[in-house]
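*Asks:* only the shape, not the letters, is given here:
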């Protein structure tokens, strides 16, 4: 069944190829995910900024030309009929529709900037980690590499960075060292505000070892940013989860 749905998903992505750029959100997690979408300043809001996506379901969005913004997954959410509520991770002001707000860290981010001749995209752990996530171009030209963090960082999160569930039994997210300790060295600010002085730390190295295809700290550009031309994009939550 899974292979059939994947075939349909690939076919849908190809159908959209002739028109504007699309991004398809695919939830491979065993639980629902509430994708959040935050446009960059001055960019158009898409799908109200958020919706619910059941396990093994996909949803395709059309992106305006030259759009840029970020996507993330919220989990452990409960909303009333008016769309008010909370999420255990990635919450955006207690609303189903994020309406331009970003997700509360820690949250894994997929970022994309569409260009006339080249798109730039990445998966970032700079704001911490909550869900495994990947972004993959479909049918583009150029390097078009895969970006993502497919490891479960919550399982290997250092004690000082752990965010635990309300009952304290499980780690639901992993903070960045910047948000945990708020020091220039970890946040790449002040005298550490350049690539020469802000180097990988013991914490960012744990993130990088687990997720070599994702940003582990602010100046982790060379190994983390990917480019592609004239592609559609597939953003997958829990990409390695087996059904």
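*Replies:* Nice, thanks for sending it over. Keep in mind that what you see is a predicted model, and the values were worked out from it rather than measured. Numbers count the residues shown, from 1 in each chain.
*Asks:* residue with max distance from the center of the chain?
*Replies:* Most distant from the centre of the chain: residue 191, at 28.8 Å, with distances by CA atoms, centre = their mean.
*Asks:* identify the residues contacting it.
*Replies:* Applying CB atoms under 8 Å, 6 or more residues apart in numbering to residue 191 gives the contacts 184, 197. C-beta: built from backbone N, CA, C; applies to glycine.
*Asks:* pretty sure it is in a strand, no?
*Replies:* No - per DSSP: H, G, I helix; E, B strand; the rest coil, residue 191 lies outside any strand segment and is helix.
*Asks:* tell me, how many residues neighbour residue 215?
*Replies:* Using other CB atoms under 10 Å, residue 215 is surrounded by 25 other residues.
*Asks:* ok, back up a step: quick check: the gap between the residue farthest from the centre of the chain and residue 110.
*Replies:* Noted for residue 191: a distance of 31 Å to residue 110, by CB to CB, to the nearest Å.
*Asks:* ok, residue 115 - how many residues close by?
*Replies:* 12.
*Asks:* same deal with residue 139?
*Replies:* Other residues within reach of residue 139 by the criterion other CB under 10 Å amount to 14.
*Asks:* where does pLDDT dip in the protein?
*Replies:* In the prediction, the chain carries residues with pLDDT under 70 at positions 1-19, 221, 241-243.
*Asks:* all helices of it, in order?
*Replies:* 2-16, 177-181, 184-187, 202-210 (DSSP state H).
*Asks:* I figured residue 141 hits residue 230, correct?
*Replies:* Yes - the pair residue 141 and residue 230 qualifies as a contact (CB atoms under 8 Å) at a distance of 6.2 Å.
*Asks:* out of the two, which sits in the busier spot?
*Replies:* When neighbours are counted by other CB under 10 Å, residue 141 and residue 230 differ, and residue 230 comes out ahead with 15 against 11.
*Asks:* show me the contacts for the residue nearest to that one when sequence neighbours are not counted.
*Replies:* Here the nearest residue to residue 230 in space, its sequence neighbours aside, is residue 140; by CB to CB, 6 or more residues apart in numbering that works out to 5.5 Å. Residue 140 makes contact with 119, 228-232 under the criterion CB under 8 Å, 6+ apart.
*Asks:* need the contact list for the residue nearest the centre of the chain.
*Replies:* In the chain, the centroid-proximal residue (CA atoms, centre = their mean) is residue 109; its distance is 2.7 Å. Listed by CB under 8 Å, 6+ apart, the contact partners of residue 109 are 70-72, 103, 123-127, 133.
*Asks:* list just the nearest of these to residue 160.
*Replies:* residue 125 (15.6 Å; CB to CB).
*Asks:* and the closest one, how many neighbours?
*Replies:* 26.
*Asks:* and the residue lying closest to it once chain neighbours are set aside, how many neighbours?
*Replies:* Across the structure, with CB to CB, 6+ apart as the measure, the residue nearest residue 125 apart from its sequence neighbours is residue 207 (4.9 Å). A count of nearby residues for residue 207, using other CB under 10 Å, gives 29.
*Asks:* what do you get for the one 5 residues further on?
*Replies:* Per other CB under 10 Å, the neighbour tally for residue 212 reads 13.
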